[in-house]
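Chemist: Sequence and predicted model, in that order:
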Amino acid sequence: MTSILTGDIINSREVDSNEWLPLIKSAFQTIGASPKLWEIYRGDSFQIEIENIENALLFAIKLKATLKKIKNLDVRIAIGIGAKNENYKNITEGNGEAFIYSGLAFDTLLKKQNLAITSSDKDFDAIFNTSLALALLTMDNWTVNSADFVLKYLENPNTTQKLIAKELKISESSASERRKRAGLDEIMQLEKLYRELINQKINQ
């Protein structure tokens, strides 16, 4: 089992690629090497494998925060969960369930919302995509400041709000307000639920 994320950058043509391309490349390089594990193609489209499926949603949230730190940018991400065929050197040539499900989610579900999951478990997909749709009411409206706060937290979840405030050069009360506006606690609860449900699926 693996997870394949297929996506594209929203409003990429409105922002110089020199602003966002290094950021997503840096994020992808934390996963592994291109083109086996990730590839950026057609300028603003991408595919990346997150081999530990427990981490797929967290990576998607991080990538969204990374891009929304830049005004007017956002990202659409389709997560496909399933088996894969190992016989490829470039991820864009890969095949198997995970690739098929990711492509299916990208072509259908992302017409309605910017983050979606498809797997062989249709009940799981239905429940979780409804949950994501609700979370996206907040995430899609992250400001630059909100996204910056979320990313600081996700990059070091053991840090304190006080240290994040110091790093951002804002007061603790301002940091608390940003956290609340970003819906960070609720989004992390959803991410935790995803991990728990995925673990249940793996251990069945």
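Modeler: Arrived safely. Residues are numbered from 1 along each chain as shown.
Chemist: Tell me how far the residue of the chain most remote from its centre lies from residue 50.
Modeler: Computed with CA atoms, centre = their mean, the residue of the chain farthest from its C-alpha average is residue 171, at 28.4 Å. As judged by CB to CB, to the nearest Å, residue 171 and residue 50 stand 36 Å apart. Glycine gets a C-beta too; all of them are placed from N, C-alpha and C.
Chemist: Tell me the pLDDT of the residue farthest from the centre of the chain.
Modeler: For residue 171, the model assigns a pLDDT of 96.
Chemist: Where does pLDDT dip in the chain?
Modeler: 204 (pLDDT under 70).
Chemist: show me where it has helices.
Modeler: Using DSSP state H, the helices found in the chain span residues 17-29, 56-68, 97-107, 122-139, 144-155, 161-168, 172-182, 184-202.
Chemist: could these go into TSV alongside distance to residue 90 and mean neighbour count?
Modeler: Converted to TSV, the helices of the chain look like this (distance: least, CB to CB, whole Å; neighbours: other CB atoms under 10 Å):
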stretch	distance to residue 90	mean neighbour count
helix 17-29	14	15
helix 56-68	20	23
helix 97-107	12	21
helix 122-139	28	15
helix 144-155	29	20
helix 161-168	38	15
helix 172-182	36	16
helix 184-202	27	15
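Chemist: Would you point out which residue is most central in this protein?
Modeler: Mean-position check on the chain, CA atoms, centre = their mean. Result residue 60 at 0.8 Å.
Chemist: give me every residue that touches that residue.
Modeler: Residue 60 makes contact with 5, 77, 79, 115, according to CB atoms under 8 Å, 6 or more residues apart in numbering.
Chemist: So residue 63 is in contact with residue 24, correct?
Modeler: Yes. In this structure residue 63 lies within contact range of residue 24 using CB atoms under 8 Å: 6.9 Å.
Chemist: List the beta-bridge partners for the spatially closest residue to residue 56 that is not a sequence neighbour.
Modeler: In space, residue 56 comes closest to residue 3 once its chain neighbours are excluded; the distance is 3.9 Å by CB to CB, 6 or more residues apart in numbering. Beta-bridge partners recorded for residue 3 (DSSP bridges): residue 50, residue 81.
Chemist: For residue 3, list the residues it contacts.
Modeler: Residue 3 neighbours (CB under 8 Å, 6+ apart): 49-51, 53, 56, 79-81, 98, 102.
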